[in-house]
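K.L.:
Just to be clear, the model below is a prediction. Sequence and coordinates:
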2 protein chains.
Amino acid sequence: MRVGVIGAGQLARMMVPAAIELGVELRVLAEAEGMSAAIAAERVGDYTDVTTVLEFARGVDVITFDHEHVPQHVLHALVDAGVPVRPGPDALRYAQDKLLMRERLSEFGLPVPDWARVTTVGELDDFIADHGGAAVVKTPRGGYDGKGVRVVRSAAEVAEWFAGLAEDGREGALLAEELVEFRRELAQLVARRPGGEVAAWPVVETVQVGGVCSEVIAPAPHSAGRLADVAADVAITIAERLGVVGVLAVELFETTDDRILVNELAMRPHNSGHWSMDGSTTGQFEQHLRAVLDLPLGGTGTHDEWAVMVNVLGGPEQGTLADRYAEALEGHPTVKIHNYGKDPRPGRKVGHVTAIGPDLDDVVYEARAAAAVFQD
Amino acid sequence: MRVGVIGAGQLARMMVPAAIELGVELRVLAEAEGMSAAIAAERVGDYTDVTTVLEFARGVDVITFDHEHVPQHVLHALVDAGVPVRPGPDALRYAQDKLLMRERLSEFGLPVPDWARVTTVGELDDFIADHGGAAVVKTPRGGYDGKGVRVVRSAAEVAEWFAGLAEDGREGALLAEELVEFRRELAQLVARRPGGEVAAWPVVETVQVGGVCSEVIAPAPHSAGRLADVAADVAITIAERLGVVGVLAVELFETTDDRILVNELAMRPHNSGHWSMDGSTTGQFEQHLRAVLDLPLGGTGTHDEWAVMVNVLGGPEQGTLADRYAEALEGHPTVKIHNYGKDPRPGRKVGHVTAIGPDLDDVVYEARAAAAVFQD
């Protein structure tokens, strides 16, 4: 069993341990030398180049991804060459283009924020006027971790985005969305096999800081019952109707008026699922490999009442994460530390820690305190 | 942090996932191409050759082991070159030579079977006569998985071992031990840092078939209280008095008259600790790395009431373990499968499975049934 992963960031890196235990050979196409998943890097090459990607795919049983940035024409070239691509291009385009995603989910009747396709400053100002004087404006493609997303009260604030639109080849549209009043953000992860088997982890609460995931609580507090059911239903419906294979992460808003709205989709292991590596019978990286290899999915039960994951963002100003291990491990012997092997840099995701246990306050404290050791 | 591992079997292989998560660079000195830990293999070379080993050790922070077969003169050459060797040669010789081990543990007053150093057929026959007409005879060096161990009722049964003795350089001695009447076999694993910090997992019951570990139940049933305390005390005493660094496995007999006797020692992660990868806060491979890197040790609590590990011995007669994944994973979604990436061969340890849960009967059933899928 050989899996080819396009992209060599921490998501590809964290597939390696799961692959080793399952006896799966993982080969990674890295963008550059020395990336997070370098231990499994088969070669360094440009994932937008058809020849490079086709050559990389030779000799693997399936191609999957560390990110969603592989262009559609490259994905289709793989499919045309008979390579199983999971998730496939027809699913991935909804993770690549937020306007397409909104259109499709609306067709399905799934709960989404009010939205509009806007091509001019005037259209956006109309949308803002109709939605309480504010809107969230998104570039349909290429955004991540809060990039390409702006909250505005006037279309003038994204004038340069409109100016740049003609270049993107999608007839120059932005996505405008209502500014949702939400109580909190949630994420629902599921995995799906090609034949349709799905498995869902418990819905989790995610805390974002500056558009970047900072903390995840699994399961989301007070989610048992209706909330858990609705979240799982929404994600499973999306996975099935879009034909996603592998892990699908559905970011959700829990609104102040108790609605659940779909925010974003990711078709790969996701930051909001890192807790599962230490807190669930089957971690998301193992499950993703099982799904894309069309193997039966693993149980998604939890080891304890609560799991809390805190990202290490930036890392220490001087030195490396390892320099702080003595302090972090001494003070937090039950916390699991995951080091992505990256050089510290402000705001960069360089690792995460997970604590599990029966008392939520204790678990939150442990995870936050351990993560804090790595930050100045 | 760079750890050099001498030996590239499944124990080195299973250190790799732990190393990746901790951000530790693992470099393996393999005996041959294509071994279990090939993904981390830095080079292929002879671990009995001083020059090869010294060269391998250049650039790593510490040397540790997949097995105990590195000769003392090679270990001392590393120490003389200033390389941290963990466990060190002075501890390792007690895992390399069973006669030395018996002498030393007896000096410590630790509970061991009756034993004698025998150099002639006559001495062994005397020992047999004094011990109810039977003895366990062991070659002091080089045995593992039941090799170099024989139960005899007459010295004539190991006549060829005596004949070969002159060659081994230890003045031609064998180890004779009483044939212990035991109720069951146990194993106690501990980890120790250079400075002395120790951590013990719960004592486990081990089931051997033909001298090879077949099954492990963690914790050992009915072990809470005195038995757990005695086992932990014995292992911690050995770790401290022999100055072991890293994981130490102490194989024990629980005799029919309720004594706990030390059988064998291993100074590395051990088959009896594989359950900890899925059943404990800190798996033995992570703990071993933490110990040899002189990092604070992790918690040794368990995720559930019971963990049962069953070895996959031999594997299928035709094909590979992966050919059976559809059946094994479908039928046993909560069992964790560990594939060592070896070609199946009768009796060979090619993988293991672990189940955890609150009911021992269920957990034993699940683990055995999943392992059975891989065997004809």
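P.N.:
Yes, it's here.

K.L.:
Which residues of the stretch 251-376 of chain A lie near chain B?
P.N.:
Among all residues of the stretch 251-376 of chain A, those adjacent to chain B (criterion: Cβ under 8 Å from any Cβ of the partner chain) are A:281-282, A:290, A:295-299, A:301, A:303-304, A:321-322, A:325-326, A:329-330, A:333-334, A:336-341, A:351. C-beta here means a position set from N, CA and C on the backbone, and glycine is covered the same way.

K.L.:
Of those, just the buried ones, PyMOL syntax please.
P.N.:
Selection command for PyMOL covering only the buried members of those, criterion 16 or more other Cβ atoms under 10 Å in any protein chain shown:
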select buried, chain A and resi 281+282+290+295+296+297+298+303+304+321+322+325+329+333+334+336+337+338+339+340+341+351
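
K.L.:
Out of the residues of the stretch 251-376 of chain A next to chain B, list just those in strands.
P.N.:
By the criterion of DSSP state E, membership of those in strands covers A:336-339, A:351.

K.L.:
Show the backbone phi and psi for A:F65.
P.N.:
Torsion angles at A:F65 (phi, psi; degrees, to the nearest 10) stand at phi -140, psi 150.

K.L.:
same thing with A:V198?
P.N.:
When read as degrees, to the nearest 10, the backbone of A:V198 gives phi -130, psi 150.

K.L.:
so it sits right up against A:I238, yeah?
P.N.:
No: when contacts are counted by Cβ atoms under 8 Å, A:V198 is not listed as touching A:I238 (10.6 Å).

K.L.:
Neighbour count: those two, which is higher?
P.N.:
A:I238 (25 against 17; other Cβ atoms under 10 Å in any protein chain shown).

K.L.:
Quick check, that one in contact with A:M267.
P.N.:
No: look at A:I238 against A:M267 with Cβ under 8 Å: they stay out of range, at 9.8 Å.

K.L.:
which residues are common contacts for the two?
P.N.:
Applying Cβ atoms under 8 Å, 6 or more residues apart in numbering or on different chains, one finds that A:I238 and A:M267 are jointly contacted by A:244, A:248.

K.L.:
The residue positioned nearest the centre of chain A and A:L174, how far apart?
P.N.:
Residue closest to the average C-alpha location in chain A (Cα atoms, centre = their mean): A:H270, at 3.3 Å. From A:H270 over to A:L174 the distance is 24 Å, taken as Cβ to Cβ, to the nearest Å.

K.L.:
What of A:T334?
P.N.:
Between A:T334 and A:L174 the computed distance is 46 Å (Cβ to Cβ).

K.L.:
Repeat that for A:V250.
P.N.:
Computed with Cβ to Cβ, the distance linking A:V250 and A:L174 is 22 Å.

K.L.:
Can you tell me, leaving aside adjacent residues, what's nearest to the residue in the stretch 201-350 of chain A that chain B sits nearest to?
P.N.:
Across the stretch 201-350 of chain A, the shortest distance to chain B (Cβ to the nearest Cβ) belongs to A:N339, at 2.9 Å. The shortest distance from A:N339 to any residue other than its chain neighbours is 2.9 Å, reached at B:G23 (Cβ to Cβ, 6 or more residues apart in numbering or on different chains).

K.L.:
What of A:G314?
P.N.:
The shortest distance from A:G314 to any non-neighbouring residue, by Cβ to Cβ, 6+ apart, is to A:P346 (4.8 Å).

K.L.:
What are the boundaries of the helices in chain A?
P.N.:
Remark: helices of chain A, listed N- to C-terminal, are A:10-22, A:50-57, A:72-80, A:89-96, A:98-107, A:121-130, A:159-164, A:226-242, A:276-279, A:284-292, A:325-331, A:360-373; assignment by DSSP state H.
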